[in-house]
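# Next comes the sequence, and after it the predicted model I'd like to discuss.
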Amino acid sequence: DEEEEDEEEDEDEDAQYFDDDMDEGAVSDADFEGDSLKARARKAWAATPPVTQVYVGSSLALTLGSFLLAGNQWPAWLNLDWKKVMTGQLWRPFTGFLYYGPFGLSYLLTIHFVWTYMGTLEKLQFAEPWDFLVMLLFGAASLLAGVGVGGGNARFLGHNLSCFLVYIWARTYEGQEVAVMEFFTIRAELLPWFFAAQTYLLEHEPPVHDLLGIAIGHSYTVLRQRKRLAAPGALRAVYEARPELMAKYEAFAEEFS
């Protein structure tokens, strides 16, 4: 009997030891959470600055809504139409910049591209985030005027804005080598012209919208260097009156220290 009891105690100890090992080294869903696409996207979104979140989130929501509810057709009531704006449809100048084509692979690649460049430019202004909003408003207002005067297609305002952002990003990182689709590298300042050439080769038409974005981006760069685009005090006060908002921007300082 004593031998049987000893054997049972040994088995219990082995079982307990095995259970402890299982508890310490058990594999759970949490072990793979960091590797999942969903987790990476959620982490990237949390690290996205506020204005970029609003812009990219609005484009995603409206484009996905159009896909689910309107047969993947961008609703006409979101397009820029100044006559309708004058009747009170004041959202149109904003929503006109949110269209990057119907929902699909091309759209996802484009909006990720915009998300990356816009987010980086906003983070760079972590010390004075109101300057980023001034930049964005200057670009949008200039593009609206340029398209209106030049008779361009208002449906490409999103594309115009992306070219504007890329030009400013390229000038910010001027001199650095940039990987293009992981195939080759070019200097950052050549990137806007590469995309303009790509538009010409793929669409077989002059890259008018690319060039408009580049021209306005250059105008902004010159005015900024000459300190002609200072943010108004009222706009600065809006930011500074919100400590939680400023804290978000201060957190980006570590990325550029």
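Received the coordinates, thanks.
# can you give me the strands in this structure?
Using DSSP state E, the strands of the chain run over residues 177-180, 184-187.
# Kindly reformat these as CSV and extend each row with distance to Leu133, mean neighbour count and mean pLDDT.
C-beta: built from backbone N, CA, C; applies to glycine. What follows is the strands of the chain, written out as CSV (distance: least, CB to CB, whole Å; neighbours: other CB atoms under 10 Å; pLDDT from 0 to 100):
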stretch, distance to Leu133, mean neighbour count, mean pLDDT
strand 177-180, 26, 12, 86
strand 184-187, 29, 12, 91
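# Could I get the ones you listed in TSV, plus columns for distance to Phe103?
TSV is the format used below for the strands of the chain (distance: least, CB to CB, whole Å):
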stretch	distance to Phe103
strand 177-180	25
strand 184-187	30
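# Skip the chain neighbours and tell me the closest residue to Val114.
Nearest non-adjacent residue to Val114, counting by CB to CB, 6 or more residues apart in numbering: Ser162, 5.2 Å away.
# wait, doesn't that neighbour sit right on Gly213?
Yes: the pair Ser162 / Gly213 is scored as a contact, 7.0 Å apart, by CB atoms under 8 Å.
# between those two, which one's more packed in?
When Ser162 and Gly213 are compared for neighbours, Gly213 comes out ahead with 30 against 23, by other CB atoms under 10 Å.
# Could you pull up the residues touching that one?
Going by CB atoms under 8 Å, 6 or more residues apart in numbering, Gly213 touches 143, 159-167, 192.
# Give me the subset of those that lies in helices.
143, 159-167, 192 (DSSP state H).
# Nearest to Glu128 among these?
The shortest gap between Glu128 and any of those belongs to Leu165, at 18.1 Å (CB to CB).
# ok, how many other residues are close to that closest one?
23.
# Leaving out sequence neighbours, find the closest residue to Arg236.
Trp130 (5.1 Å).
# isn't that neighbour right up against Arg242?
No: if you go by CB under 8 Å, Trp130 and Arg242 don't touch, sitting 11.4 Å apart.
# So for those two, which residue has more residues nearby?
The neighbour count for Trp130 versus Arg242, taken as other CB under 10 Å, is higher for Trp130 (20 against 12).
# if we can go back for a sec, reformat the contacts of Gly213 as TSV; add distance to Ala39 and pLDDT.
Converted to TSV, the contacts of Gly213 look like this (distance: CB to CB, whole Å; pLDDT from 0 to 100):
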residue	distance to Ala39	pLDDT
Leu143	36	95
His159	31	93
Asn160	34	93
Leu161	30	95
Ser162	27	95
Cys163	32	95
Phe164	32	97
Leu165	27	97
Val166	29	96
Tyr167	33	97
Pro192	33	95
